[in-house]
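S.K.: Please find the sequence and the predicted model below.
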Amino acid sequence: EAGVAQSPRYKIIEKRQSVAFWCNPISGHATLYWYQQILGQGPKLLIQFQNNGVVDDSQLPKDRFSAERLKGVDSTLKIQPAKLEDSAVYLCASSFLAGGRDTQYFGPGTRLTVL
Amino acid sequence: KQEVTQIPAALSVPEGENLVLNCSFTDSAIYNLQWFRQDPGKGLTSLLLIQSSQREQTSGRLNASLDKSSGRSTLYIAASQPGDSATYLCAVGAGTALIFGKGTTLSVSS
């Protein structure tokens, strides 16, 4: 079966610019996650969707980050405006069940560098 | 607040050695614990998932144990190979999501 797809793989922008990341989860997976992984750290959950509804966005910096999941399939994560500390790898994952209760399958990630 | 700690942060071993990676967590109210592998520049690959009611899971040369009452898990890798070189991440399922440790970077030399 096809895995989780993400694009772009790499992005370099200047601070105060905007950027968007795209994720296509595994077919049939109701739950989609966006994680932020800063160098040397473990992934940190930004937002979790079940179908097209938000389950948890408590750690999403809502003043600059936004995410949507149209029709319960693909998802887009946007940062506007970007700050230097947003430099990280942004990982998308999907699972059949919600809330981390079963295996999560991760995409290759998007490495963002903010100059 | 749940915190996950992994020790050691880095480990170097010669090929063929058996090794143990450690993970500890502060709150025993978890519903599962998962071990992932991360290769440089790539996403995470799930290795083993242990439900809170289980004590261990095995897959090939990997064995993971869970002691929920003491807040500890170990990942045992038998007969290590250079291809095992990667960062290994432990994550606990609690609340609505997974909470990750910082990982142990393993290097296996031939």
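M.R.: Sure, I can see it. This one's a predicted model, so the numbers in the text were calculated from it and none came from an experiment.
S.K.: tell me which residues in stretch B:88-105 are buried?
M.R.: Neighbour-count burial for stretch B:88-105, counted by 16 or more other C-beta atoms under 10 Å in any protein chain shown, picks out B:88-95, B:97-105. In short, each C-beta sits where N, CA and C put it, glycine included.
S.K.: End to end on it, go ahead and measure it.
M.R.: End-to-end distance of stretch B:88-105 (C-alpha to C-alpha, to the nearest Å): 6 Å.
S.K.: Also stretch A:92-104?
M.R.: End to end - C-alpha to C-alpha - stretch A:92-104 spans 10 Å.
S.K.: Just list whatever residues bridge to residue B:72.
M.R.: residue B:24, residue B:67 (DSSP bridges).
S.K.: what number of residues lie near it?
M.R.: Using other C-beta atoms under 10 Å in any protein chain shown, the number of residues around residue B:72 comes to 14.
S.K.: what are the bridge partners for residue B:20, then?
M.R.: residue B:76.
S.K.: So which residues on chain A come close to chain B?
M.R.: By C-beta under 8 Å from any C-beta of the partner chain, the residues of chain A that approach chain B are A:4, A:33, A:40-45, A:48, A:55-56, A:91, A:93, A:98-109, A:111.
S.K.: 10 Å instead, please
M.R.: Applying C-beta under 10 Å from any C-beta of the partner chain, one finds that chain A approaches chain B through A:3-4, A:6, A:9-10, A:33, A:35, A:37, A:40-48, A:50, A:55-56, A:58-59, A:89, A:91-93, A:95, A:98-109, A:111.
S.K.: how about the strands in chain A?
M.R.: For chain A, the strands defined by DSSP state E cover A:5-7, A:10-13, A:19-24, A:31-37, A:44-50, A:53-56, A:65-69, A:75-79, A:88-95, A:105-106, A:110-114.
S.K.: swap in chain B?
M.R.: In chain B, the strands defined using DSSP E lie at B:4-7, B:10-14, B:19-25, B:32-38, B:44-51, B:56-59, B:62-67, B:72-77, B:86-94, B:97-100, B:104-109.
S.K.: how about low-confidence regions in chain A?
M.R.: Within chain A, the ranges that satisfy pLDDT under 70 run A:1, A:99-100.
S.K.: ok, the residue of chain A found nearest chain B - contacts?
M.R.: Across chain A, no residue is closer to chain B than residue A:42, which sits at 3.0 Å (C-beta to the nearest C-beta). For residue A:42, the contacting residues are A:35, B:4, B:6, B:36, B:38, B:44, B:87, B:89-91, B:98-103, by C-beta atoms under 10 Å, 6 or more residues apart in numbering or on different chains.
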